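A.B. asks: just coords:
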Ligand code: SAH
């Protein structure tokens with residue numbers, strides 16, 4: 001049995017799947033899913049994320065959150081949480097950098113929101129000095145101030161796609177015939193949840209929604225609004241999703257999204273506008289990652305790292321700085337959104 005067999009049988013018995021159901025099975029099926037079976041990260045994997053490029057990324061994000069904690073009067077008992085921590089690299093760098101603020105470490109309890117058993121085991125190794133607690137969903141986060149990180153987490157959540165036809169929407173579904181998966185629009189339906197998209201779309205346009213993102217934002221922003229804290233959400237996307245952004249990556253190359261289910265990474269651009277509409281606390285501007293990191297002092301940090309480095313290491317640091325901040329690399333494609341309590345200042349670098 002493969003994931004292709006499982007999905008094709010399901011389609012043959014129940015009819016075409018929503019893209020969200022297809023994506024959820026491909027990424028998170030506990031036996032055959034991508035995160036359960038593949039090693040996505042790094043040069044030998046399918047893609048490299050910012051924390052895997054350089055320690056500077058996690059260090060600066062960690063210090064940014066610790067500064068929010070100081071600005072909010074150093075609450076004594078807090079949650080530090082990350083959604084989708086991958087190999088745990090970002091959190092390890094954030095915790096190492098914030099050791100210069102010992103009271104922050106005394107105050108925090110570390111929570112990791114992760115569904116993949118395989119990745120939980122890797123995170124347990126990377127973060128063995130910090131006794132993390134794993135949870136599967138954000139509703140399990142304690143009711144106390146929350147300092148929250150998510151890098152390339154929201155892009156991995158399943159999306160649904162709808163194609164406009166007059167004032168109706170046809171959901172794009174995944175069907176299977178002649179040994180192949182293919183996209184097929186469903187019948188036109190009224191979608192009250194997409195009423196606000198009618199004015200700025202034309203016939204044929206595709207819009208995406210990410211239902212799974214909403215409870216995450218609801219739970220995270222609810223705790224921040226009620227108890228204090230801050231969130232830094234980093235991902236590719238923009239204020240509003242328009243068009244088909246579903247993409248599959250394998251060995252650092254784009255491949256057709258329906259090829260080899262479970263073997264390729266599937267993501268979609270993040271609709272930051274939808275996240276903000278679901279938030280019950282304040283939100284920052286949407287700031288390009290490169291600008292955000294520069295405002296937090298990444299250039300100085302890189303200079304410091306090169307001072308005690310070999311020539312090869314110094315070259316690596318300079319290349320990492322370029323990749324994280326330059327506009328033709330991750331610098332503008334990736335954006336940072338901050339969430340914070342009413343009456344507080346926006347996290348550093350985001351105002
Ligand atoms: N943040 C990491 C990894 C990004 S990959 C980095 O920047 O390197 C996406 C991560 O989200 C993986 O750890 C994956 O297992 C996790 N994930 C995907 N869907 C999830 C869900 N619904 N709940 C919790 N974790 C999820």
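C.D. replies: Arrived safely, thanks for sending. Quick caveat, the model's predicted, so the values are computed rather than measured.
A.B. asks: what number of residues lie near residue 77?
C.D. replies: 12 (other CB atoms under 10 Å). C-beta here means a position set from N, CA and C on the backbone, and glycine is covered the same way.
A.B. asks: gap between it and the ligand?
C.D. replies: 24 Å (CB to the nearest ligand atom, to the nearest Å).
A.B. asks: Could you do residue 145 as well?
C.D. replies: Residue 145 is 22 Å from the ligand, by CB to the nearest ligand atom.
A.B. asks: swap in residue 192?
C.D. replies: 26 Å.
A.B. asks: Backbone dihedrals for that residue, please?
C.D. replies: phi -50, psi -30 (degrees, to the nearest 10).
A.B. asks: Next, count neighbours for it.
C.D. replies: For residue 192, the neighbour count with other CB under 10 Å is 6.
A.B. asks: And for residue 113?
C.D. replies: A count of neighbours around residue 113, defined by other CB under 10 Å, yields 22.
A.B. asks: so it sits right up against residue 138, yeah?
C.D. replies: Yes: shown here, residue 113 and residue 138 form a contact pair, counting by CB atoms under 8 Å, at 6.0 Å.
A.B. asks: Find the residues that touch each one of these two.
C.D. replies: 81, 83 (CB atoms under 8 Å, 6 or more residues apart in numbering).
A.B. asks: Quick check, residue 142 in contact with residue 110.
C.D. replies: No: in this structure, residue 142 is not within contact of residue 110 by CB under 8 Å, at 11.4 Å.
A.B. asks: just checking, what's the longest helix in this structure?
C.D. replies: In the chain, assigned by DSSP state H, the helix with the most residues is helix 55-71.
A.B. asks: How far off centre is that helix?
C.D. replies: 18 Å (CA atoms, centre = their mean, to the nearest Å).
A.B. asks: cool, stretch 243-254 as well?
C.D. replies: The answer for stretch 243-254 is 15 Å, by CA atoms, centre = their mean.
A.B. asks: In the chain, which residue is most central in space?
C.D. replies: residue 153 (2.0 Å; CA atoms, centre = their mean).
A.B. asks: can I assume that residue is in contact with residue 84?
C.D. replies: Yes: at 3.5 Å, residue 153 counts as touching residue 84 under the criterion of CB under 8 Å.
A.B. asks: And the residue nearest to the centre of the chain, how far from residue 267?
C.D. replies: 10 Å (CB to CB, to the nearest Å).
A.B. asks: Please list the residues of this structure that sit near the ligand.
C.D. replies: 28, 35, 41, 49, 51-52, 84-86, 90, 113-116, 119, 151-153, 156-157 (CB under 6 Å from any ligand atom).
A.B. asks: Swap in 8 Å and give it another go.
C.D. replies: Proximity of the chain to the ligand is confined to 27-28, 35, 40-41, 49-52, 82-87, 89-90, 113-116, 119, 136-137, 150-153, 155-157, 212, 265 under the rule CB under 8 Å from any ligand atom.
A.B. asks: Buried subset of these as a PyMOL selection?
C.D. replies: Burial among the residues of the chain next to the ligand is assessed by 16 or more other CB atoms under 10 Å; the matching PyMOL selection reads:
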select buried, resi 27+28+35+40+41+49+50+51+52+82+83+84+85+86+87+89+90+113+114+115+116+119+150+151+152+153+155+156+157+212+265
